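In: one predicted model, sequence on top.
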Amino acid sequence: MVEGTRGKSSIVRFFHKFFYENGYNTLGRETGLVPMIYYNDEKKFVQREGELPFNILTETKIINELYNSEEIDVVIFENNAIRAEYMRSLSNYLKADVVIISTITFDHILSQGFSIEETARTFIKSVPHYSHIIFWSNHEFEYEVFRDTYEKIGRGDADILFSTLEDRELTIYQALKKIIDEKGIKIKKDINEFSDKIIYECPMDEKCPYLIKEYVPEEIFSQNIKPITFIDIGHVNDPIHTHIIFNQIMDQKNDNEVYLLLNFREDRVERIPLFIEGFIPLVEDQIKGIIIHSQNIAFTSDYLAKYAKKQLQNPDKMEFYTFKEFDEFVDDLAPQLPPESYVIMVANTADKFGYELIDKLDLFRESYPILDDFNLFELRYSKKPEDLY
């Protein structure tokens, strides 16, 4: 199992490819906005039904129907089930030999803790007693917090690792190898043969920025509106790396007017100041307007618009828009925007509005990467993000 707050899908993809290319029937699972199931070189999109824990049961049912357990040698699943009891139930169901926890950043779901120590405790307690824990981080503070929290809980032996990002998979593999040897798994290809470029190439899922083809379906928008390009980078999670990708988009656009769509979920309150105070001032001179959508009953869209204005050098020069429902955005707000404009969504994608946007505009089925000349993985984990400031 692979848990944690960053890098889960990348680790799943890496080790799925590693075991499959070493000759083992390998079953993998990615969560997120577009959940995927991998079996050897096959890839299947999972249409979820309902909220947690029902979507876990949906995926489990599909796996049981499609794949006979006797045909599977290695299973590597991303486990992002929000709450400790859900994560533990999936690990128990699979009788996980190993649980890999990749980072414990605070910018995550509040149900996992209001501090980094609480988040560490949540992940530790989500692991069944018989599973071996491998924790990895490239941030010394996170590493020390997890190590100290683990020692206080006194759970038993674990591999608590610290390395550079470039050495992540190799470092994890070195800890994993003793379990592999115990299971009698023979590795033919050395791990150093696997290319980061192959593993981290932009897949057709929520990990990459995408745009809708430069037309607007008539059934969605009124016929008198001209093309608007929507770009979703809401899954980049933090303002620093969102800004890196935002600048790449700015470098490639023409004279299009740019509108920033800040989409805030009900449960990730910590992202509100991160993006309103930390991101908006960085891009003020590059955008014509700000669109705000919030599902939080305390921090409404109108309240956040006032909050955002206070962060601007020239608030009177900025256009502001707010909306509550998807239909309001489509029927009332979008027709007000200039033709050929860019709408760039940041902060969050995985909420009701994001799902409707993707579903009704065929964001993934009718889309392609806007940026194909740089490595998104390297950008998101830039070694020197502080250079932006």
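Out: Right, received. Where do you want to start?
In: outline the domain layout of the protein.
Out: Domain ranges of the chain: 2-199, 210-388, per automatic domain parsing.
In: least reliable of those going by mean pLDDT?
Out: Lowest mean pLDDT of the domains of the chain: domain 210-388, a mean of 73.
In: mean neighbour count added to the domains of the chain, as JSON lines?
Out: Backbone N, C-alpha and C define where each C-beta goes, glycine included. Below are the domains of the chain laid out as JSON lines (neighbours: other C-beta atoms under 10 Å):
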{"stretch": "domain 2-199", "mean neighbour count": "17"}
{"stretch": "domain 210-388", "mean neighbour count": "17"}
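In: show me where the stretch 51-200 of the chain has strands.
Out: 74-77, 98-102, 132-137, 158-162 (DSSP state E, counting those that start in this stretch).
In: of those, which approaches residue 338 most closely?
Out: Residue 338 sits nearest to strand 98-102 of all these, at 41.9 Å, using C-beta to C-beta.
In: can you give the strand pairings for the closest one, parallel or anti for each?
Out: strand 2-4 (parallel), strand 132-137 (parallel) (DSSP bridges).
In: make a markdown table from those and add distance to residue 284 to it.
Out: Shown next, in a markdown table, are the strands paired with strand 98-102 (distance: least, C-beta to C-beta, whole Å):
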| stretch | distance to residue 284 |
| --- | --- |
| strand 2-4 | 34 |
| strand 132-137 | 33 |
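In: quick one: which of the ones you listed is nearest residue 234?
Out: Among the strands paired with strand 98-102, strand 2-4 sits nearest to residue 234 (C-beta to C-beta), with 19.6 Å.
In: any residues touching the closest one, and which ones?
Out: Residues outside strand 2-4 that contact it (C-beta atoms under 8 Å, 6 or more residues apart in numbering) are 8, 11-12, 76-80, 87, 99-104, 123, 126-127.
In: and if we set it to 7 Å?
Out: 8, 11-12, 76-79, 87, 99-104, 123, 126 (C-beta atoms under 7 Å, 6 or more residues apart in numbering).
In: re earlier: right, so of the strands paired with strand 98-102, which gets closest to residue 254?
Out: strand 2-4 (39.4 Å).
In: now for the helix or strand that comes right after the closest one, which elements pack on it?
Out: Going down the chain from strand 2-4, the next helix or strand is helix 8-21, by DSSP states H and E. With contacts taken as 3 or more C-beta pairs under 7 Å, 6 or more residues apart in numbering; DSSP states H and E, helix 8-21 sits against strand 2-4, strand 26-30, strand 74-77, strand 98-102, helix 196-199.
In: 8 Å instead, please
Out: Secondary-structure packing of helix 8-21 (3 or more C-beta pairs under 8 Å, 6 or more residues apart in numbering; DSSP states H and E): strand 2-4, strand 26-30, strand 74-77, strand 98-102, helix 168-182, helix 196-199.
In: roughly how far is it from the heart of the chain?
Out: Centre-to-centre, helix 8-21 and its host chain are 17 Å apart (C-alpha atoms, centre = their mean, to the nearest Å).
In: CA atoms only for it, dumped as PDB, please.
Out: Presented in PDB, the C-alpha positions along helix 8-21 are these (Å, rounded to 0.1, in the frame of the first residue of the first chain):
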ATOM      1  CA  LYS A   8       1.700   8.400  -4.000                       C
ATOM      2  CA  SER A   9       0.700   8.000  -7.700                       C
ATOM      3  CA  SER A  10       4.300   8.400  -8.900                       C
ATOM      4  CA  ILE A  11       5.500   5.700  -6.500                       C
ATOM      5  CA  VAL A  12       2.600   3.300  -7.600                       C
ATOM      6  CA  ARG A  13       3.400   3.900 -11.300                       C
ATOM      7  CA  PHE A  14       7.100   3.300 -10.800                       C
ATOM      8  CA  PHE A  15       6.900   0.100  -8.800                       C
ATOM      9  CA  HIS A  16       4.000  -1.200 -11.000                       C
ATOM     10  CA  LYS A  17       6.300  -0.900 -14.000                       C
ATOM     11  CA  PHE A  18       9.300  -2.300 -12.100                       C
ATOM     12  CA  PHE A  19       7.600  -5.500 -11.000                       C
ATOM     13  CA  TYR A  20       5.700  -6.000 -14.300                       C
ATOM     14  CA  GLU A  21       8.900  -5.600 -16.300                       C
END
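In: adding distance to residue 256, write the helices and strands packed on helix 8-21 out as CSV.
Out: Listed next are the helices and strands packed on helix 8-21 as CSV, based on distance: least, C-beta to C-beta, whole Å:
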stretch, distance to residue 256
strand 2-4, 37
strand 26-30, 32
strand 74-77, 41
strand 98-102, 37
helix 168-182, 37
helix 196-199, 31
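In: cool, thanks, signing off.
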